[in-house]
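J.: Quick one, fold the following:
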Amino acid sequence: MVEDASTQDMLSQLDKGLDAALNRLLEFLRIPSISTDPAHKGDVRQAAEWLVAQLRDLGFDVTLHDTPGHPMIVAKSPAGDARPVLFYGHYDVQPVDPLDLWNSPPFEPAIEETPDGPVIRGRGASDDKGQLMTFVEAFRAWKSVHGALPNDLTLLFEGEEESGSPSLRPFLQAHADDLRADLAMICDTARYADGRPAITTQLRGMVGQEVVIHAADRDLHSGSFGGLAANPIMILAQALAALKDDTGRVTLPGFYDGVADLSPELARDWQALNFDATDYLSRVGLSQPIGEQGRTPLEMVWNQPTAEINGIAGGYAGAGFKTVLPATARAKVSFRLTGTQDPQAVRQAFQDHVRRFVPADCRVEFHDHGAGPASVMDISDPAFGQAKDALTQEWGQEAAYIGGGGSIPIAGDFKELLGTDSMLVGFARDDDRIHSPNEKYDVESFAKGARSWVRILAALR
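T.: Model prediction:
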(Lines give C-alpha, C1' and ligand atoms only; values in the text may rest on other atoms or scores of the structure.)
Protein backbone atom coordinates (compact mmCIF):
# COMPACT_ATOMS: atom_id res chain seq x y z
CA MET A 1 0.00 0.00 0.00
CA VAL A 2 1.50 3.31 -1.10
CA GLU A 3 0.89 6.20 1.29
CA ASP A 4 0.75 9.84 0.27
CA ALA A 5 2.84 12.60 1.83
CA SER A 6 0.00 13.80 4.04
CA THR A 7 -0.20 10.42 5.78
CA GLN A 8 3.50 10.54 6.54
CA ASP A 9 3.06 14.10 7.83
CA MET A 10 0.29 12.94 10.17
CA LEU A 11 2.41 10.07 11.48
CA SER A 12 5.28 12.51 12.12
CA GLN A 13 2.88 14.83 13.90
CA LEU A 14 1.79 11.99 16.20
CA ASP A 15 5.40 11.09 16.98
CA LYS A 16 6.32 14.68 17.83
CA GLY A 17 3.20 15.15 19.94
CA LEU A 18 3.41 11.88 21.90
CA ASP A 19 4.41 13.46 25.23
CA ALA A 20 1.52 15.93 25.03
CA ALA A 21 -0.88 13.12 24.09
CA LEU A 22 0.27 11.05 27.07
CA ASN A 23 -0.29 14.02 29.38
CA ARG A 24 -3.83 14.40 28.06
CA LEU A 25 -4.47 10.70 28.69
CA LEU A 26 -3.07 10.92 32.24
CA GLU A 27 -5.39 13.87 32.92
CA PHE A 28 -8.34 11.82 31.65
CA LEU A 29 -7.33 8.82 33.76
CA ARG A 30 -7.28 10.88 36.95
CA ILE A 31 -11.08 11.20 36.78
CA PRO A 32 -12.55 8.23 38.74
CA SER A 33 -15.45 7.57 36.36
CA ILE A 34 -16.72 4.35 37.97
CA SER A 35 -20.17 3.92 36.47
CA THR A 36 -21.38 1.13 38.78
CA ASP A 37 -20.96 3.18 41.96
CA PRO A 38 -23.56 5.91 42.57
CA ALA A 39 -20.98 7.76 44.68
CA HIS A 40 -19.06 8.44 41.45
CA LYS A 41 -21.98 9.77 39.40
CA GLY A 42 -20.44 13.25 39.39
CA ASP A 43 -17.06 11.86 38.36
CA VAL A 44 -18.60 10.04 35.40
CA ARG A 45 -20.17 13.29 34.27
CA GLN A 46 -16.87 15.09 34.75
CA ALA A 47 -15.19 12.57 32.44
CA ALA A 48 -17.91 13.12 29.86
CA GLU A 49 -17.50 16.88 30.04
CA TRP A 50 -13.71 16.52 29.73
CA LEU A 51 -14.20 14.56 26.51
CA VAL A 52 -16.73 17.05 25.18
CA ALA A 53 -14.22 19.87 25.68
CA GLN A 54 -11.49 17.93 23.86
CA LEU A 55 -13.74 17.16 20.90
CA ARG A 56 -15.05 20.71 20.61
CA ASP A 57 -11.50 22.04 20.58
CA LEU A 58 -10.86 19.79 17.58
CA GLY A 59 -13.87 21.19 15.74
CA PHE A 60 -16.45 18.46 16.24
CA ASP A 61 -20.10 19.40 16.66
CA VAL A 62 -20.70 17.78 20.06
CA THR A 63 -23.86 17.06 22.05
CA LEU A 64 -23.91 15.72 25.62
CA HIS A 65 -27.10 13.70 25.99
CA ASP A 66 -28.48 13.02 29.45
CA THR A 67 -29.96 9.56 30.00
CA PRO A 68 -31.60 7.84 32.98
CA GLY A 69 -28.04 6.76 33.83
CA HIS A 70 -24.83 8.40 32.63
CA PRO A 71 -24.39 10.77 29.67
CA MET A 72 -23.95 9.78 26.04
CA ILE A 73 -21.63 11.85 23.85
CA VAL A 74 -22.38 12.25 20.15
CA ALA A 75 -19.92 14.20 18.01
CA LYS A 76 -20.07 14.94 14.29
CA SER A 77 -17.54 16.11 11.75
CA PRO A 78 -18.69 18.11 8.71
CA ALA A 79 -20.66 16.28 6.03
CA GLY A 80 -19.02 15.49 2.75
CA ASP A 81 -18.83 12.73 0.17
CA ALA A 82 -16.76 10.22 2.18
CA ARG A 83 -18.03 6.91 3.48
CA PRO A 84 -19.88 7.60 6.78
CA VAL A 85 -18.07 5.93 9.68
CA LEU A 86 -19.16 5.64 13.33
CA PHE A 87 -16.53 5.42 16.09
CA TYR A 88 -17.51 3.91 19.45
CA GLY A 89 -15.76 3.84 22.82
CA HIS A 90 -16.61 4.15 26.51
CA TYR A 91 -15.22 6.53 29.12
CA ASP A 92 -16.42 4.77 32.29
CA VAL A 93 -14.18 2.36 34.19
CA GLN A 94 -14.39 -0.63 36.49
CA PRO A 95 -14.29 -0.36 40.29
CA VAL A 96 -10.80 -0.66 41.79
CA ASP A 97 -11.41 -3.23 44.53
CA PRO A 98 -9.43 -4.80 46.11
CA LEU A 99 -7.56 -1.56 46.62
CA ASP A 100 -4.80 -3.14 48.73
CA LEU A 101 -3.59 -5.14 45.70
CA TRP A 102 -2.69 -2.01 43.75
CA ASN A 103 0.98 -1.07 43.79
CA SER A 104 0.10 2.58 43.29
CA PRO A 105 -3.17 4.57 43.63
CA PRO A 106 -5.44 3.60 40.69
CA PHE A 107 -6.45 7.19 39.94
CA GLU A 108 -2.96 8.63 40.21
CA PRO A 109 -1.76 7.33 36.82
CA ALA A 110 1.85 7.46 35.78
CA ILE A 111 4.24 6.30 33.08
CA GLU A 112 6.12 3.34 34.53
CA GLU A 113 9.23 1.69 33.16
CA THR A 114 9.03 -2.12 32.93
CA PRO A 115 11.34 -4.78 31.46
CA ASP A 116 9.06 -4.86 28.41
CA GLY A 117 9.04 -1.10 27.94
CA PRO A 118 7.13 1.88 29.33
CA VAL A 119 3.50 1.43 30.33
CA ILE A 120 0.68 3.72 31.42
CA ARG A 121 -0.43 2.46 34.84
CA GLY A 122 -3.89 3.27 36.21
CA ARG A 123 -7.55 2.27 36.14
CA GLY A 124 -8.99 2.69 32.65
CA ALA A 125 -5.58 2.90 30.96
CA SER A 126 -6.45 -0.02 28.67
CA ASP A 127 -10.20 -0.41 29.20
CA ASP A 128 -11.15 1.86 27.57
CA LYS A 129 -9.80 5.38 28.02
CA GLY A 130 -6.41 4.68 26.48
CA GLN A 131 -7.99 2.91 23.52
CA LEU A 132 -10.62 5.63 23.05
CA MET A 133 -7.92 8.30 23.03
CA THR A 134 -6.14 6.58 20.13
CA PHE A 135 -9.14 7.71 18.08
CA VAL A 136 -8.99 11.25 19.39
CA GLU A 137 -5.25 11.64 18.85
CA ALA A 138 -5.58 10.34 15.29
CA PHE A 139 -8.26 12.96 14.59
CA ARG A 140 -6.01 15.62 16.15
CA ALA A 141 -3.14 14.70 13.82
CA TRP A 142 -5.47 14.69 10.82
CA LYS A 143 -6.69 18.20 11.55
CA SER A 144 -3.17 19.45 12.25
CA VAL A 145 -2.02 18.40 8.78
CA HIS A 146 -5.17 18.94 6.70
CA GLY A 147 -6.57 21.94 8.55
CA ALA A 148 -9.92 20.17 8.94
CA LEU A 149 -11.34 16.96 10.36
CA PRO A 150 -12.12 13.97 8.13
CA ASN A 151 -15.63 14.32 6.74
CA ASP A 152 -18.63 12.19 7.68
CA LEU A 153 -17.49 10.92 11.06
CA THR A 154 -19.82 10.25 13.97
CA LEU A 155 -18.44 9.53 17.44
CA LEU A 156 -20.49 7.78 20.12
CA PHE A 157 -18.87 7.61 23.55
CA GLU A 158 -20.87 6.15 26.43
CA GLY A 159 -20.47 6.12 30.20
CA GLU A 160 -22.26 2.89 31.16
CA GLU A 161 -20.39 0.07 29.42
CA GLU A 162 -18.92 -1.25 32.66
CA SER A 163 -22.37 -1.32 34.27
CA GLY A 164 -24.22 -3.18 31.51
CA SER A 165 -25.11 -0.23 29.22
CA PRO A 166 -28.74 0.00 30.39
CA SER A 167 -29.33 3.27 28.50
CA LEU A 168 -27.60 2.27 25.28
CA ARG A 169 -30.27 0.35 23.36
CA PRO A 170 -33.01 2.93 24.08
CA PHE A 171 -30.58 5.66 23.04
CA LEU A 172 -29.71 3.89 19.78
CA GLN A 173 -33.39 3.39 19.02
CA ALA A 174 -34.23 7.04 19.73
CA HIS A 175 -31.27 8.44 17.73
CA ALA A 176 -30.95 5.83 14.98
CA ASP A 177 -31.21 8.31 12.12
CA ASP A 178 -28.47 10.49 13.59
CA LEU A 179 -26.10 7.58 14.31
CA ARG A 180 -26.53 5.40 11.25
CA ALA A 181 -23.32 4.86 9.24
CA ASP A 182 -21.83 2.46 6.70
CA LEU A 183 -19.35 1.01 9.18
CA ALA A 184 -18.71 1.20 12.92
CA MET A 185 -15.21 1.17 14.43
CA ILE A 186 -14.92 -0.31 17.93
CA CYS A 187 -11.63 0.00 19.79
CA ASP A 188 -12.23 -2.23 22.83
CA THR A 189 -10.30 -5.34 21.79
CA ALA A 190 -6.72 -6.59 21.81
CA ARG A 191 -3.89 -7.58 19.54
CA TYR A 192 -3.32 -11.27 19.01
CA ALA A 193 -1.45 -13.14 21.74
CA ASP A 194 1.97 -12.76 20.11
CA GLY A 195 1.55 -9.00 19.74
CA ARG A 196 0.65 -8.88 16.07
CA PRO A 197 -2.17 -6.51 15.05
CA ALA A 198 -5.60 -8.05 14.63
CA ILE A 199 -9.11 -7.38 13.45
CA THR A 200 -11.75 -9.25 15.42
CA THR A 201 -14.28 -10.56 12.93
CA GLN A 202 -16.59 -12.52 15.20
CA LEU A 203 -17.75 -12.32 18.80
CA ARG A 204 -19.69 -14.77 20.88
CA GLY A 205 -23.08 -13.80 22.23
CA MET A 206 -24.16 -14.59 25.75
CA VAL A 207 -27.04 -15.71 27.93
CA GLY A 208 -26.82 -15.16 31.68
CA GLN A 209 -29.14 -17.13 33.95
CA GLU A 210 -29.53 -17.52 37.71
CA VAL A 211 -31.44 -20.52 39.06
CA VAL A 212 -32.74 -20.99 42.62
CA ILE A 213 -34.18 -24.28 43.88
CA HIS A 214 -36.37 -24.27 47.00
CA ALA A 215 -37.01 -27.42 49.02
CA ALA A 216 -38.03 -27.52 52.70
CA ASP A 217 -39.33 -24.42 54.45
CA ARG A 218 -36.19 -24.27 56.63
CA ASP A 219 -32.69 -25.76 56.88
CA LEU A 220 -32.99 -29.33 58.16
CA HIS A 221 -30.86 -31.51 60.48
CA SER A 222 -29.10 -33.97 58.16
CA GLY A 223 -29.32 -36.75 60.76
CA SER A 224 -33.09 -36.44 61.13
CA PHE A 225 -33.96 -35.76 57.46
CA GLY A 226 -30.96 -36.90 55.39
CA GLY A 227 -31.88 -39.60 52.89
CA LEU A 228 -35.58 -38.78 53.14
CA ALA A 229 -35.99 -35.06 52.42
CA ALA A 230 -35.01 -33.40 49.15
CA ASN A 231 -31.61 -31.70 49.17
CA PRO A 232 -31.68 -28.72 46.76
CA ILE A 233 -27.91 -28.68 46.36
CA MET A 234 -27.98 -32.28 45.19
CA ILE A 235 -30.85 -31.52 42.81
CA LEU A 236 -29.03 -28.51 41.42
CA ALA A 237 -25.73 -30.37 41.13
CA GLN A 238 -27.38 -33.18 39.17
CA ALA A 239 -29.04 -30.73 36.78
CA LEU A 240 -25.82 -28.81 36.20
CA ALA A 241 -23.69 -31.93 35.79
CA ALA A 242 -26.08 -33.16 33.09
CA LEU A 243 -25.47 -30.05 30.96
CA LYS A 244 -22.58 -31.80 29.18
CA ASP A 245 -21.97 -35.36 28.01
CA ASP A 246 -18.72 -37.31 28.24
CA THR A 247 -17.41 -35.76 25.01
CA GLY A 248 -17.90 -32.18 26.23
CA ARG A 249 -20.96 -31.44 24.11
CA VAL A 250 -23.81 -29.48 25.65
CA THR A 251 -26.88 -31.69 26.00
CA LEU A 252 -29.66 -29.10 25.79
CA PRO A 253 -32.06 -29.97 22.92
CA GLY A 254 -31.54 -27.64 19.97
CA PHE A 255 -28.51 -25.99 21.58
CA TYR A 256 -26.35 -26.28 18.45
CA ASP A 257 -28.99 -24.93 16.08
CA GLY A 258 -27.31 -22.14 14.13
CA VAL A 259 -23.74 -23.11 15.04
CA ALA A 260 -21.62 -23.22 11.89
CA ASP A 261 -18.29 -24.89 11.29
CA LEU A 262 -15.37 -22.71 10.29
CA SER A 263 -14.99 -21.84 6.64
CA PRO A 264 -11.93 -23.47 5.04
CA GLU A 265 -10.37 -20.01 4.65
CA LEU A 266 -10.71 -19.08 8.33
CA ALA A 267 -9.63 -22.56 9.38
CA ARG A 268 -6.39 -22.10 7.44
CA ASP A 269 -5.85 -18.58 8.83
CA TRP A 270 -6.40 -19.70 12.41
CA GLN A 271 -4.15 -22.71 11.99
CA ALA A 272 -1.41 -20.37 10.77
CA LEU A 273 -1.60 -18.46 14.08
CA ASN A 274 0.12 -21.44 15.75
CA PHE A 275 -1.88 -21.05 18.95
CA ASP A 276 -0.31 -23.04 21.80
CA ALA A 277 -3.09 -24.01 24.20
CA THR A 278 -0.69 -25.46 26.77
CA ASP A 279 1.32 -22.22 26.89
CA TYR A 280 -1.87 -20.16 27.06
CA LEU A 281 -3.17 -22.19 30.01
CA SER A 282 0.20 -22.15 31.76
CA ARG A 283 -0.20 -18.40 32.29
CA VAL A 284 -3.08 -19.13 34.69
CA GLY A 285 -1.58 -22.16 36.41
CA LEU A 286 -3.15 -24.87 34.22
CA SER A 287 -1.78 -27.19 31.56
CA GLN A 288 -4.47 -29.52 30.16
CA PRO A 289 -6.99 -28.26 27.58
CA ILE A 290 -10.51 -29.57 28.03
CA GLY A 291 -13.64 -29.09 25.98
CA GLU A 292 -15.49 -30.66 23.13
CA GLN A 293 -13.61 -33.52 21.54
CA GLY A 294 -12.58 -33.10 17.91
CA ARG A 295 -12.24 -29.31 18.07
CA THR A 296 -9.06 -27.26 17.91
CA PRO A 297 -8.31 -24.97 20.86
CA LEU A 298 -9.03 -21.79 18.88
CA GLU A 299 -12.35 -23.23 17.71
CA MET A 300 -13.27 -23.83 21.35
CA VAL A 301 -12.52 -20.27 22.47
CA TRP A 302 -13.71 -18.43 19.36
CA ASN A 303 -16.16 -20.49 17.31
CA GLN A 304 -17.87 -22.97 19.62
CA PRO A 305 -20.62 -22.20 22.14
CA THR A 306 -20.12 -22.93 25.83
CA ALA A 307 -22.07 -23.70 28.98
CA GLU A 308 -20.30 -22.67 32.18
CA ILE A 309 -21.19 -22.59 35.86
CA ASN A 310 -20.04 -19.22 37.22
CA GLY A 311 -21.10 -19.60 40.82
CA ILE A 312 -22.98 -21.96 43.12
CA ALA A 313 -24.16 -21.47 46.69
CA GLY A 314 -26.29 -23.10 49.35
CA GLY A 315 -26.14 -24.51 52.85
CA TYR A 316 -23.32 -23.81 55.28
CA ALA A 317 -19.88 -22.86 53.98
CA GLY A 318 -18.46 -21.02 56.99
CA ALA A 319 -15.74 -22.03 59.41
CA GLY A 320 -16.05 -25.41 61.04
CA PHE A 321 -18.84 -27.79 60.12
CA LYS A 322 -22.64 -27.74 60.20
CA THR A 323 -24.68 -30.77 59.17
CA VAL A 324 -27.72 -29.32 57.45
CA LEU A 325 -29.89 -29.95 54.44
CA PRO A 326 -30.28 -26.42 53.08
CA ALA A 327 -33.66 -24.97 52.25
CA THR A 328 -32.39 -23.40 49.03
CA ALA A 329 -29.55 -23.68 46.53
CA ARG A 330 -28.63 -21.33 43.71
CA ALA A 331 -26.29 -21.12 40.78
CA LYS A 332 -25.31 -18.64 38.11
CA VAL A 333 -24.79 -20.09 34.65
CA SER A 334 -23.66 -18.46 31.41
CA PHE A 335 -23.77 -19.61 27.82
CA ARG A 336 -21.49 -18.14 25.16
CA LEU A 337 -23.18 -18.30 21.76
CA THR A 338 -21.88 -18.47 18.20
CA GLY A 339 -23.32 -18.30 14.70
CA THR A 340 -27.06 -17.62 14.70
CA GLN A 341 -27.94 -19.30 17.99
CA ASP A 342 -31.12 -17.81 19.46
CA PRO A 343 -30.43 -16.50 22.99
CA GLN A 344 -34.04 -16.86 24.11
CA ALA A 345 -34.26 -20.40 22.79
CA VAL A 346 -31.11 -21.32 24.71
CA ARG A 347 -32.51 -19.73 27.88
CA GLN A 348 -35.77 -21.66 27.52
CA ALA A 349 -33.95 -24.94 26.85
CA PHE A 350 -31.88 -24.48 30.03
CA GLN A 351 -34.95 -23.73 32.14
CA ASP A 352 -36.78 -26.76 30.75
CA HIS A 353 -33.70 -28.88 31.47
CA VAL A 354 -33.54 -27.83 35.12
CA ARG A 355 -37.26 -28.34 35.67
CA ARG A 356 -36.91 -32.01 34.74
CA PHE A 357 -34.75 -32.55 37.84
CA VAL A 358 -36.96 -30.75 40.36
CA PRO A 359 -39.30 -32.97 42.48
CA ALA A 360 -42.98 -32.11 42.66
CA ASP A 361 -42.76 -30.83 46.24
CA CYS A 362 -39.89 -28.43 45.43
CA ARG A 363 -39.95 -25.36 43.26
CA VAL A 364 -37.53 -23.52 41.03
CA GLU A 365 -37.25 -19.87 40.08
CA PHE A 366 -35.14 -18.22 37.40
CA HIS A 367 -33.63 -14.77 37.20
CA ASP A 368 -32.48 -13.51 33.80
CA HIS A 369 -29.16 -11.67 33.50
CA GLY A 370 -29.01 -10.43 29.95
CA ALA A 371 -28.91 -12.07 26.55
CA GLY A 372 -27.49 -11.20 23.17
CA PRO A 373 -26.68 -12.99 19.92
CA ALA A 374 -23.24 -13.57 18.45
CA SER A 375 -21.79 -11.12 15.93
CA VAL A 376 -20.13 -12.21 12.69
CA MET A 377 -18.60 -9.51 10.49
CA ASP A 378 -18.72 -9.49 6.70
CA ILE A 379 -15.04 -9.39 5.78
CA SER A 380 -15.90 -9.21 2.07
CA ASP A 381 -16.36 -5.46 2.66
CA PRO A 382 -13.24 -3.90 1.07
CA ALA A 383 -12.71 -1.82 4.22
CA PHE A 384 -11.55 -4.93 6.06
CA GLY A 385 -8.80 -5.61 3.55
CA GLN A 386 -7.79 -1.95 3.55
CA ALA A 387 -7.62 -1.86 7.34
CA LYS A 388 -5.67 -5.12 7.43
CA ASP A 389 -3.09 -3.70 5.01
CA ALA A 390 -2.84 -0.49 7.05
CA LEU A 391 -2.25 -2.40 10.28
CA THR A 392 0.32 -4.64 8.64
CA GLN A 393 2.25 -1.62 7.40
CA GLU A 394 2.21 0.08 10.81
CA TRP A 395 3.19 -2.90 12.95
CA GLY A 396 5.55 -4.67 10.58
CA GLN A 397 3.70 -7.95 11.09
CA GLU A 398 0.86 -9.28 8.99
CA ALA A 399 -2.43 -8.40 10.65
CA ALA A 400 -4.67 -11.35 11.50
CA TYR A 401 -8.40 -11.90 11.34
CA ILE A 402 -9.27 -13.40 14.71
CA GLY A 403 -12.32 -14.36 16.73
CA GLY A 404 -13.27 -13.13 20.17
CA GLY A 405 -14.19 -15.49 22.97
CA GLY A 406 -16.00 -12.79 24.89
CA SER A 407 -19.02 -10.66 24.08
CA ILE A 408 -19.21 -7.01 23.05
CA PRO A 409 -22.97 -6.47 22.81
CA ILE A 410 -22.64 -3.08 21.12
CA ALA A 411 -21.54 -4.79 17.88
CA GLY A 412 -24.80 -6.74 17.78
CA ASP A 413 -26.78 -3.65 18.75
CA PHE A 414 -25.26 -1.63 15.90
CA LYS A 415 -26.23 -4.35 13.42
CA GLU A 416 -29.73 -4.89 14.80
CA LEU A 417 -30.76 -1.30 15.50
CA LEU A 418 -28.72 0.72 13.00
CA GLY A 419 -28.09 -1.84 10.26
CA THR A 420 -24.38 -1.10 10.63
CA ASP A 421 -21.59 -3.69 10.52
CA SER A 422 -18.65 -3.26 12.88
CA MET A 423 -14.89 -3.53 12.61
CA LEU A 424 -13.19 -4.29 15.91
CA VAL A 425 -9.59 -3.09 16.05
CA GLY A 426 -7.88 -2.74 19.42
CA PHE A 427 -4.34 -2.50 20.69
CA ALA A 428 -4.56 -3.94 24.20
CA ARG A 429 -2.42 -6.87 25.33
CA ASP A 430 -3.44 -9.99 27.19
CA ASP A 431 -1.39 -8.87 30.20
CA ASP A 432 -3.04 -5.43 30.55
CA ARG A 433 -4.88 -6.60 33.70
CA ILE A 434 -8.16 -5.01 32.68
CA HIS A 435 -10.78 -5.25 35.46
CA SER A 436 -7.94 -6.19 37.84
CA PRO A 437 -5.57 -4.30 40.12
CA ASN A 438 -2.56 -2.63 38.46
CA GLU A 439 -4.21 -2.18 35.06
CA LYS A 440 -1.82 -0.86 32.41
CA TYR A 441 -1.60 0.04 28.73
CA ASP A 442 1.70 -0.11 26.86
CA VAL A 443 2.95 3.25 25.62
CA GLU A 444 3.64 1.40 22.36
CA SER A 445 -0.02 0.35 22.19
CA PHE A 446 -1.14 3.94 22.65
CA ALA A 447 1.35 5.51 20.23
CA LYS A 448 1.08 2.92 17.47
CA GLY A 449 -2.67 2.66 18.04
CA ALA A 450 -3.12 6.32 17.10
CA ARG A 451 -0.77 5.87 14.14
CA SER A 452 -2.83 2.84 13.06
CA TRP A 453 -6.04 4.85 13.01
CA VAL A 454 -4.42 7.55 10.88
CA ARG A 455 -3.41 4.89 8.37
CA ILE A 456 -6.87 3.27 8.42
CA LEU A 457 -8.64 6.61 8.03
CA ALA A 458 -6.39 7.52 5.11
CA ALA A 459 -7.07 4.15 3.46
CA LEU A 460 -10.84 4.56 3.79
CA ARG A 461 -11.08 8.18 2.63
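J.: which one is the most centrally placed residue in the chain nearest to, not counting chain neighbours?
T.: With distances taken as Cα atoms, centre = their mean, the chain has residue 408 as the residue nearest its mean C-alpha position (4.4 Å). In space, and not counting its chain neighbours, residue 408 is closest to residue 203: 5.4 Å by Cβ to Cβ, 6 or more residues apart in numbering. Every residue, glycine included, has its C-beta placed from N, CA and C.
J.: and that neighbour, what are its bridge partners?
T.: residue 375, residue 404 (DSSP bridges).
J.: how's the protein carved up into domains?
T.: 5-203+375-460, 205-259+305-372 (automatic domain parsing).
J.: Distance to residue 299 and mean pLDDT for those domains - can I get that in a markdown table?
T.: Putting the domains of the chain into a markdown table (distance: least, Cβ to Cβ, whole Å; pLDDT from 0 to 100) gives the following:
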| stretch | distance to residue 299 | mean pLDDT |
| --- | --- | --- |
| domain 5-203+375-460 | 9 | 96 |
| domain 205-259+305-372 | 10 | 96 |
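J.: Buried deepest among these, which one?
T.: For the domains of the chain, average neighbour numbers computed from mean count of other Cβ atoms under 10 Å are highest in domain 5-203+375-460, which has a mean of 19.
J.: Would you mind measuring the gap between the ends of it?
T.: Distance between the two ends of domain 5-203+375-460: 16 Å, counting by Cα to Cα, to the nearest Å.
J.: Over to stretch 189-202?
T.: Terminal residues of stretch 189-202 are spaced 12 Å apart (Cα to Cα).
J.: try stretch 311-323
T.: First-to-last distance for stretch 311-323 - Cα to Cα - comes to 22 Å.
J.: three-state assignment of the residue lying farthest from the centre of the chain?
T.: Checked against the mean C-alpha position of the chain, the extreme residue using Cα atoms, centre = their mean is residue 224, at a distance of 49.5 Å. The three-state label for residue 224, taken from DSSP: H, G, I helix; E, B strand; the rest coil, comes out as helix.
J.: measure it to residue 325 for me?
T.: Separation of residue 224 from residue 325 (Cβ to Cβ, to the nearest Å): 9 Å.
J.: What of residue 283?
T.: Using Cβ to Cβ, residue 283 is found at 41 Å from residue 325.
J.: Check residue 17 too.
T.: Looking at residue 17 against residue 325, where the rule is Cβ to Cβ, the gap reads 67 Å.
J.: again with residue 411
T.: Counting by Cβ to Cβ, the separation of residue 411 from residue 325 is 46 Å.
J.: Over to residue 39?
T.: Separation of residue 39 from residue 325 (Cβ to Cβ) stands at 41 Å.
J.: ok so residue 422 is a helix residue?
T.: No: applying three-state DSSP, one finds residue 422 to be strand, outside a helix.
J.: contacting residues around it?
T.: 183-186, 375, 377, 410-411, 414-415 (Cβ atoms under 8 Å, 6 or more residues apart in numbering).
J.: before we move on, back to that, verify the contact between the residue nearest to residue 408 and residue 424 for me.
T.: Yes: the pair residue 203 and residue 424 qualifies as a contact (Cβ atoms under 8 Å) at a distance of 7.4 Å.
J.: Give me the common contacts of these two.
T.: Common neighbours of residue 203 and residue 424, using Cβ under 8 Å, 6+ apart, are 404, 408, 411.
J.: Surely the first one and residue 189 touch.
T.: Yes: under the contact definition of Cβ under 8 Å, residue 404 touches residue 189, with a separation of 6.5 Å.
J.: overlap in contacts of the two?
T.: Contact with both residue 404 and residue 189 is made by residues 200, 424, according to Cβ under 8 Å, 6+ apart.
J.: where's residue 189 relative to residue 172, distance?
T.: Spatial separation of residue 189 from residue 172 under the definition Cβ to Cβ is 20 Å.
J.: Secondary structure class of residue 280, three-state.
T.: Assigned with three-state DSSP, residue 280 falls in the helix class.
J.: quick one: contacts for it?
T.: Applying Cβ under 8 Å, 6+ apart to residue 280 gives the contacts 193, 297.
J.: Renumber starting at 38 from here on
T.: Right, with 38 as the first residue, what we last looked at is residue 317.
J.: Next, work out how far apart residue 81 and residue 100 are.
T.: In this structure, residue 81 and residue 100 are 17 Å apart, going by Cβ to Cβ.
J.: go on, residue 349?
T.: Residue 349 sits 46 Å away from residue 100, going by Cβ to Cβ.
J.: now the helices: where do they sit in the stretch 388-498 of the chain?
T.: Per DSSP state H, counting those that start in this stretch, the stretch 388-498 of the chain carries helices over the ranges 419-432, 446-450, 480-497.
J.: To residue 108, which of the ones you listed lies closest?
T.: Closest approach to residue 108 among the helices of the stretch 388-498 of the chain is made by helix 446-450 (16.5 Å; Cβ to Cβ).
J.: If you count contacts, what does the closest one end up packed against?
T.: helix 205-211, strand 220-223, strand 400-409, strand 458-462 (3 or more Cβ pairs under 8 Å, 6 or more residues apart in numbering; DSSP states H and E).
J.: Let's see that with 10 Å instead.
T.: In terms of contacts (3 or more Cβ pairs under 10 Å, 6 or more residues apart in numbering; DSSP states H and E), helix 446-450 is packed against strand 122-127, helix 205-211, strand 220-223, strand 235-240, strand 242-251, strand 400-409, strand 412-413, strand 458-462.
J.: is it possible to export those to JSON lines including distance to residue 393?
T.: Rendered in JSON lines, the data for these read as follows (distance: least, Cβ to Cβ, whole Å):
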{"stretch": "strand 122-127", "distance to residue 393": "41"}
{"stretch": "helix 205-211", "distance to residue 393": "33"}
{"stretch": "strand 220-223", "distance to residue 393": "40"}
{"stretch": "strand 235-240", "distance to residue 393": "32"}
{"stretch": "strand 242-251", "distance to residue 393": "13"}
{"stretch": "strand 400-409", "distance to residue 393": "10"}
{"stretch": "strand 412-413", "distance to residue 393": "32"}
{"stretch": "strand 458-462", "distance to residue 393": "39"}
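J.: Figure out which of those is closest to residue 188.
T.: For those, the distance to residue 188 is smallest for strand 122-127, at 9.8 Å, taking Cβ to Cβ.
J.: That closest one pairs with which strands?
T.: In the sheet containing strand 122-127, its partner strands are strand 190-195 (parallel), strand 220-223 (parallel), by DSSP bridges.
J.: Next secondary structure after it?
T.: Per DSSP states H and E, the first helix or strand lying C-terminal to strand 122-127 is strand 147-151.
J.: Quick one: list the elements packing against that next one.
T.: Under the contact criterion of 3+ Cβ pairs under 10 Å, 6+ apart, strand 147-151 touches helix 55-66, strand 154-158, strand 477-479, helix 480-497.
J.: Contacts only, for the residue lying closest to residue 207 once chain neighbours are set aside.
T.: Nearest non-adjacent residue to residue 207, counting by Cβ to Cβ, 6+ apart: residue 104, 7.8 Å away. If a contact means Cβ atoms under 10 Å, 6 or more residues apart in numbering, then residue 104 has 195-197, 203-205, 207-208, 211 as its contacts.
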